[in-house]
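S.K.: Sequence isn't available, so here's the structure alone:
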């Protein structure tokens, strides 16, 4: 708790920590001393006097720890390395994983993670772990995907365990939209005590809600899947089992298919990279092409309906638009969704719900994956992991030792 308060405040005094936590001054002094011994925080100079002795300020020591975020998507994989403050120090992306069997695909991911750590010259002993984020549904505790995407071989495959074995690092599996949502909190883009939502759009559509700095999980961490709420009870059946799902009307892959049907836009009818084709569609819309603009605005209206539903269910302060698809067409989506939310949200007379772009752009999910690992460190204490983090097996088969502050 203390370390997270220091992170959120950027710089803070021991007196302010006492006031924020309710702990005694001697307790705070001891915790701060231990954090400094571990190298997690450093002194940051003297603060302003409020009538007595000037207080010594403390702040995070960013190079003390690192984490890795891996976003595994249908068409691409993005890897980022961040320091303890969440600042990105390395990034790479590549395609091809979706066409490989899981074992081969994860071996490629592991090789790219190792290359990224080497390029950034990161001390491996300071790496807390890897946040592997992808689409749902998932069994987060078991570290497996519960969807036959990108192929049937991935269904039920122990992705977290296998990647942990390859890297020798703990691996946490989580939903990409939930990761993108918590990343906004970590990067200081939202108020610490706010309740906000995130609509995440890559090739599909997902959602996440954060309350007081914690992701709303539900019973199985498969919550807020707004891409699979029904907007047409008589619509086509979705592979998820529902009918008339939002994603099948407003998602990038749906829009690319609709654009191809018009035969008016220069898209590749044989391509299977929906993100690349959607980017071309978005570029045409941004340039004023009426057909492309009409398709994007229609998608935004559908998403506005979903945003209203999310805001009404959770009484949100703000909705963040994150992911690569919003990165290329965000201004159109933001304007239309804000209009729908202003007009239709149930609590609009009590407070306004702001619709804003993500501060992390197209890499929001990967950065969020790394942040989830950092948050585990700050919430549970150095060296400890959440129960959903898959530790690497030791040579003896025993659980790895942990240390606490």
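M.R.: Here it is on my side, so go on. For clarity, every value in this text was computed on a predicted model and none was experimentally measured.
S.K.: What segments of the stretch 101-250 of the chain are strands?
M.R.: With strands called from DSSP state E, counting those that start in this stretch, the stretch 101-250 of the chain shows them at 127-134, 138-139, 144-145, 171-175, 195-201, 205-211, 214-215.
S.K.: Of all those strands, which one comes closest to residue 342?
M.R.: strand 195-201 (15.5 Å; Cβ to Cβ). To be clear about C-beta, it is placed using only N, CA and C from the backbone, and glycine gets the same treatment.
S.K.: Parallel or antiparallel, list what pairs with the closest one.
M.R.: Note on strand 195-201: by DSSP bridges, its sheet partners are strand 205-211 (antiparallel), strand 318-322 (parallel).
S.K.: Pick the most deeply packed of the ones you listed.
M.R.: Among the strands paired with strand 195-201, strand 318-322 has the highest mean neighbour count (mean count of other Cβ atoms under 10 Å), at a mean of 27.
S.K.: Distance from the chain centre to that one, please.
M.R.: 12 Å (Cα atoms, centre = their mean, to the nearest Å).
S.K.: Does anything pack onto the helix or strand following that strand? Which helices or strands?
M.R.: Next in sequence after strand 318-322, counting helices and strands by DSSP states H and E, comes helix 324-344. Where contact means 3 or more Cβ pairs under 8 Å, 6 or more residues apart in numbering; DSSP states H and E, helix 324-344 is packed against strand 195-201, helix 274-286, helix 290-314, strand 318-322, strand 354-357.
S.K.: give me the low-pLDDT residue ranges for the protein?
M.R.: Across the chain, the ranges flagged by pLDDT under 70 are 377-405.
S.K.: let's see it at 80
M.R.: Across the chain, the ranges flagged by pLDDT under 80 are 1, 50-51, 75, 98, 188, 192, 270-272, 377-405.
S.K.: Quick one: the helices in it, in order.
M.R.: 2-9, 14-21, 25-37, 102-119, 159-167, 176-186, 247-250, 252-262, 274-286, 290-314, 324-344, 364-380 (DSSP state H).
S.K.: Tabulate those (TSV), appending mean neighbour count and distance to residue 78.
M.R.: Converted to TSV, the helices of the chain look like this (neighbours: other Cβ atoms under 10 Å; distance: least, Cβ to Cβ, whole Å):
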stretch	mean neighbour count	distance to residue 78
helix 2-9	19	24
helix 14-21	16	35
helix 25-37	15	31
helix 102-119	18	10
helix 159-167	22	15
helix 176-186	29	10
helix 247-250	24	21
helix 252-262	19	16
helix 274-286	21	11
helix 290-314	20	23
helix 324-344	20	9
helix 364-380	27	4
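S.K.: Those helices: which one's closest to residue 197?
M.R.: Per Cβ to Cβ, nearest to residue 197 of these: helix 290-314, 4.8 Å.
S.K.: The closest one: how far from the chain's middle?
M.R.: 21 Å.
S.K.: How about stretch 135-146?
M.R.: In this view, stretch 135-146 has its centroid 15 Å away from the chain centroid, taken as Cα atoms, centre = their mean.
S.K.: So what would you say the end-to-end distance of it is?
M.R.: Counting by Cα to Cα, to the nearest Å, you get 9 Å between the two ends of stretch 135-146.
S.K.: how about that stretch: buried residues?
M.R.: 135-136, 138-140, 143-145 (16 or more other Cβ atoms under 10 Å).
S.K.: so can I have TSV of the strands of the stretch 101-250 of the chain showing distance to residue 151?
M.R.: Formatted as TSV, those follow (distance: least, Cβ to Cβ, whole Å):
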stretch	distance to residue 151
strand 127-134	13
strand 138-139	16
strand 144-145	11
strand 171-175	18
strand 195-201	22
strand 205-211	20
strand 214-215	28
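S.K.: and of those strands, who's closest to residue 289?
M.R.: With Cβ to Cβ as the criterion, residue 289 lies closest to strand 195-201 of these, at 20.3 Å.
S.K.: Tell me what angle the closest one forms with helix 274-286.
M.R.: Per axes from the mean of the first three to the mean of the last three Cα atoms, to 10 degrees, the angle that strand 195-201 makes with helix 274-286 is 100 degrees.
S.K.: Need the contact partners of strand 195-201.
M.R.: 176-177, 180-181, 184, 190, 205-212, 224, 226, 251-252, 303, 306-307, 310-311, 314-326, 337, 358, 364-365 (Cβ atoms under 8 Å, 6 or more residues apart in numbering).
S.K.: Could you rerun that using 7 Å?
M.R.: Contacts with strand 195-201, where a contact means Cβ atoms under 7 Å, 6 or more residues apart in numbering, come from 176-177, 180-181, 184, 190, 205-211, 226, 252, 303, 306-307, 310-311, 314-323, 325-326, 365.
S.K.: before we move on, back to that, specify the stretch among the strands of the stretch 101-250 of the chain that is closest to residue 75.
M.R.: strand 127-134 (12.4 Å).
S.K.: Who does the closest one pair with, and is each partner parallel or antiparallel?
M.R.: Assessed with DSSP bridges, strand 127-134 is paired to strand 66-72 (parallel), strand 171-175 (parallel).
S.K.: Adding distance to residue 149 and mean neighbour count, write those strands out as a markdown table.
M.R.: Output for the strands paired with strand 127-134, formatted as a markdown table (distance: least, Cβ to Cβ, whole Å; neighbours: other Cβ atoms under 10 Å):
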| stretch | distance to residue 149 | mean neighbour count |
| --- | --- | --- |
| strand 66-72 | 10 | 28 |
| strand 171-175 | 13 | 29 |
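S.K.: how about the ones you listed in CSV, adding distance to residue 50?
M.R.: Compiled in CSV, the strands paired with strand 127-134 are given as follows (distance: least, Cβ to Cβ, whole Å):
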stretch, distance to residue 50
strand 66-72, 36
strand 171-175, 41
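S.K.: Specify the stretch among those strands that is closest to residue 264.
M.R.: Taking those one by one with Cβ to Cβ, strand 66-72 is closest: 32.7 Å.
S.K.: what angle do that closest one and helix 159-167 make?
M.R.: 130 degrees.
S.K.: Check the offset of strand 66-72 from the chain's centre.
M.R.: That offset, for strand 66-72, works out to 10 Å (Cα atoms, centre = their mean).
S.K.: let's have the chain start at 15 instead
M.R.: Right, with 15 as the first residue, what we last looked at is strand 80-86.
S.K.: Run through who's touching that strand.
M.R.: Counting by Cβ under 7 Å, 6+ apart, 91-97, 111, 123, 127, 136, 140-148, 190, 379-384, 387-388 sit against strand 80-86.
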